[in-house]
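K.L.:
My questions are about this predicted structure, shown below with the sequence.
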Amino acid sequence: MFNEKYFKPGVFFLSTIPFLFILYKIYFNKLGPEPVKEITHYTGEWTLIFICLTLSMTPLKRLTNLTMWVSFRRMLGLFVFFYASLHLLTYIGIDYRFNWQPILDDVFKKKYIFIGFSAWLLLIPLAITSSQKMIKLLKNNWKRLHRLIYIIAIFGSLHYIWLSKTIFFKPLVYLVIILVLLALRIKIKKRNVNYG
């Protein structure tokens, strides 16, 4: 029998590796000719990866009959917020140096910026209500609120697709993975309803 308390530190450590890796590349000046672009794309892609990992926990629970998967879901969800925030901070802090006027112009004029920023805003209430105390406080409303992750996942994949002006294959792969994971969740819910 798996004991989740032994696995959680390992999952946490593995989840920090992308962050440690980008710190290594920054420190040793290994970001290539466009360092800001490299950091932005790297953190954005890892945000999508963690969205996919978060969405995969419920299907994995169903497929393996192991409840330990859902115990990692909250932690992985917080890493979604962590990497999304790094992605945003790179854009507003390093790229634009907190010059708010051009940032606001981008948000309202460029659809990929608008939908990406919207996805980050939707992540905030999920991060704030991620604690066990908030789960007890919100009860059934907590589940309803955290279904925002489905919208966030779609927004994140569209952000990547609209950002990629020439190379669409990789962003489309993420969209397909997200749609499959969402479809699996729908099937799981239908089965749960059918079997009571």
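P.N.:
Yes, it's here. Residues are numbered from 1 along each chain as shown.
K.L.:
any chance you could map the helices in this protein?
P.N.:
Assigned by DSSP state H, the helices in the chain fall at 4-27, 35-64, 68-89, 100-109, 111-128, 132-138, 140-146, 148-163, 169-194.
K.L.:
Comparing those helices by mean pLDDT, which bottoms out?
P.N.:
Mean pLDDT across the helices of the chain is lowest at helix 169-194; the value there is a mean of 79.
K.L.:
Distance check, the nearest residue to residue 127 once chain neighbours are set aside against residue 100.
P.N.:
Spatial nearest neighbour of residue 127, chain neighbours left out: residue 81 (4.3 Å); criterion: Cβ to Cβ, 6 or more residues apart in numbering. The way it works is simple: take the backbone N, C-alpha and C, and place the C-beta from them, glycine included. Distance of residue 81 to residue 100, given as Cβ to Cβ, to the nearest Å: 22 Å.
K.L.:
again with residue 84
P.N.:
According to Cβ to Cβ, residue 84 and residue 100 sit 19 Å apart.
K.L.:
hmm, back to that, how about a markdown table for the helices of the chain, with mean neighbour count added?
P.N.:
As requested, the helices of the chain are exported to a markdown table (neighbours: other Cβ atoms under 10 Å):
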| stretch | mean neighbour count |
| --- | --- |
| helix 4-27 | 13 |
| helix 35-64 | 19 |
| helix 68-89 | 20 |
| helix 100-109 | 12 |
| helix 111-128 | 17 |
| helix 132-138 | 11 |
| helix 140-146 | 12 |
| helix 148-163 | 20 |
| helix 169-194 | 14 |
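K.L.:
thinking again about what came up before, spit out the contact partners of the residue nearest to residue 127.
P.N.:
123-124, 126-127 (Cβ atoms under 8 Å, 6 or more residues apart in numbering).
K.L.:
nearest spatial neighbour of residue 185, skipping sequence neighbours?
P.N.:
Nearest non-adjacent residue to residue 185, counting by Cβ to Cβ, 6+ apart: residue 58, 5.8 Å away.
K.L.:
Hmm, that neighbour is touching residue 73, no?
P.N.:
Yes - the pair residue 58 / residue 73 is scored as a contact, 7.4 Å apart, by Cβ atoms under 8 Å.
K.L.:
Give me the neighbour count for residue 139.
P.N.:
A count of nearby residues for residue 139, using other Cβ atoms under 10 Å, gives 9.
K.L.:
so what's it up against?
P.N.:
For residue 139, the contact set (Cβ under 8 Å, 6+ apart) is empty.
K.L.:
So it versus residue 104, what's the distance?
P.N.:
Between residue 139 and residue 104 the computed distance is 38 Å (Cβ to Cβ).
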